[in-house]
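Peer 1: build me a model from this:
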Amino acid sequence: MKRNLKSFLILSLVLVLVLSMVLFSCKKKEEPEAEETAAPVKVGMATDVGGLGDKSFNDGAYNGLLLGKERLGIVPTVVESKQQTDYVPNLSGLAEDGHKLVFAVGFLMADALLEAAKNNPDAYFAGIDIFVDPATAPKNVMGILYKEEESGYLAGVLAGLMTKKYASASPKLNDKNVVGVVLGMFIPPVEKFEVGFYQGVKAVNPDCQVISVTTGSFTDQAKGKEAALAMIENGADIIFHAAGLTGLGAINAAKEKGVFAIGVDVDQNPVAPDTVLTSAVKGIVNSTYLTIEAMMQDRFEGGTTKTFGINEDSTGIAPFHQFDSMIPQEVKDIINQTIADMKAGKIKIATTRAEAGMK
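Peer 2: Down below sits the predicted model:
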């Protein structure tokens, strides 16, 4: 009897163990397999002919990609264009290589952007400084524009106030009441910078002479330097540039001659810390990053153009850095009030030479 009971108990225990194993096995089979790790999203960028290292426009867009890598985990790729015929192959090549979003950097790439977008409908494209017509553009491309005239205007207010009234604030300034502008190619974004600067100067210093030279290049530092040297020879003590790599030559001229320079697109103080008073900036880094983020979140607005300005915190001037204590409080107050008035719509800034009455 005891032996039978013992055998029964052993058999029961074995059955329980077997059933447990069967149930566990079934449950395990029912559980979904772990999802495979998603491949990182590739985002590409084709520069204009200025390439990386301009410490301005192209570098700003590239830093937007790097911010996307840091915050969103994208894999960035940059292809540098050496000539305008590279634009379409570079943009299309990035799309064909599996980049989900491709940036074209620069106004001159507008036609190439549209062609690449039409030929690669499965990829997204975005053009910095490029207008996209919603009536004709494919739905996988968007344009990104800026109100450069706002940044130029604020830089002009600063220059117009410092060049004569506060010339005693620094040995780099004089009382000749002359400032200069060095331009690259004469395209709409460059014109808006120039026209804004001119109006800002004249708003606070109507008698100031504004000398402007168009070099016709974004890549020729020698031309930029030559243009700036001629302005300095004619009394200019502040040189503003909107010329990409060419503008680095203008900054070098200002450095050599002991006058001030005003940078463009991004904060260019690191280029020449003892020379660059401020920079007329636009939010290239931020807008590039926000476009990547929108694509990642399925919010990409194809067939449209987004315009970034002072109300989007995407235009303005850079900090004064080591020159901050040199800038009189009155000048800072005027600039801050100008920013407030611009945000409130109280200041209307022309965007072309003709509208501004420039000769």
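Peer 1: going by C-alpha atoms from here, please, whenever you check contacts or count neighbours.
Peer 2: OK.
Peer 1: distance between the ends of stretch 203-214?
Peer 2: 23 Å (Cα to Cα, to the nearest Å).
Peer 1: run through who's touching that stretch.
Peer 2: 157, 160-161, 177-186, 198, 201-202, 227, 231 (Cα atoms under 8 Å, 6 or more residues apart in numbering).
Peer 1: go on, stretch 84-91?
Peer 2: With Cα under 8 Å, 6+ apart, stretch 84-91 has contacts from 45-46, 48-49, 79, 81, 102-104, 109, 112-113, 115-116.
Peer 1: and the contacts of stretch 266-276?
Peer 2: 55-57, 60, 251-252, 254-255, 258-263, 277-284, 318-319, 321-322.
Peer 1: quick check: PyMOL command selecting the buried ones in those residues.
Peer 2: Buried residues within the contacts of stretch 266-276, by 16 or more other Cα atoms under 10 Å, are selected in PyMOL with:
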select buried, resi 55+56+57+60+251+252+254+255+258+259+260+261+262+263+277+278+279+280+281+282+283+284+318
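Peer 1: got the residue ranges for the strands in the stretch 201-350 of the chain?
Peer 2: Under the criterion DSSP state E, counting those that start in this stretch, strands of the stretch 201-350 of the chain are mapped to 209-214, 238-242, 260-265, 276-282, 305-308, 315-317.
Peer 1: as a markdown table, those strands with distance to Thr136 and mean pLDDT would be great.
Peer 2: Putting those into a markdown table (distance: least, Cα to Cα, whole Å; pLDDT from 0 to 100) gives the following:
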| stretch | distance to Thr136 | mean pLDDT |
| --- | --- | --- |
| strand 209-214 | 32 | 98 |
| strand 238-242 | 30 | 98 |
| strand 260-265 | 29 | 97 |
| strand 276-282 | 27 | 97 |
| strand 305-308 | 12 | 95 |
| strand 315-317 | 29 | 97 |
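Peer 1: nearest to Arg353, of the ones you listed?
Peer 2: strand 209-214 (11.6 Å; Cα to Cα).
Peer 1: still on that earlier bit, the contacts of stretch 84-91 in strands, which ones?
Peer 2: 45-46, 79, 102-104 (DSSP state E).
Peer 1: now render those as a markdown table, adding pLDDT, distance to Ala137 and neighbour count.
Peer 2: What follows is the ones in strands among the contacts of stretch 84-91, written out as a markdown table (pLDDT from 0 to 100; distance: Cα to Cα, whole Å; neighbours: other Cα atoms under 10 Å):
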| residue | pLDDT | distance to Ala137 | neighbour count |
| --- | --- | --- | --- |
| Met45 | 97 | 20 | 26 |
| Ala46 | 97 | 20 | 30 |
| Val79 | 97 | 24 | 18 |
| Val102 | 98 | 16 | 31 |
| Phe103 | 98 | 16 | 28 |
| Ala104 | 97 | 15 | 30 |
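Peer 1: can you pull the contacts of Ala104?
Peer 2: Counted by Cα under 8 Å, 6+ apart, Ala104 has contacts 45-48, 91, 110, 113, 125-128.
Peer 1: in helices, which of these fall?
Peer 2: 91, 110, 113 (DSSP state H).
Peer 1: can you name the residues that contact the second one?
Peer 2: The reference is to Ala110. 104, 127, 130-131.
Peer 1: so of those, which ones are in strands?
Peer 2: Going by DSSP E, the strands hold 104, 127 from the contacts of Ala110.
Peer 1: most neighbours, which of the contacts of Ala110?
Peer 2: Highest neighbour count within those, by other Cα atoms under 10 Å: Ala104, with 30 neighbours.
Peer 1: low pLDDT regions in the stretch 201-350 of the chain?
Peer 2: For the stretch 201-350 of the chain, no stretch is flagged by pLDDT under 70.
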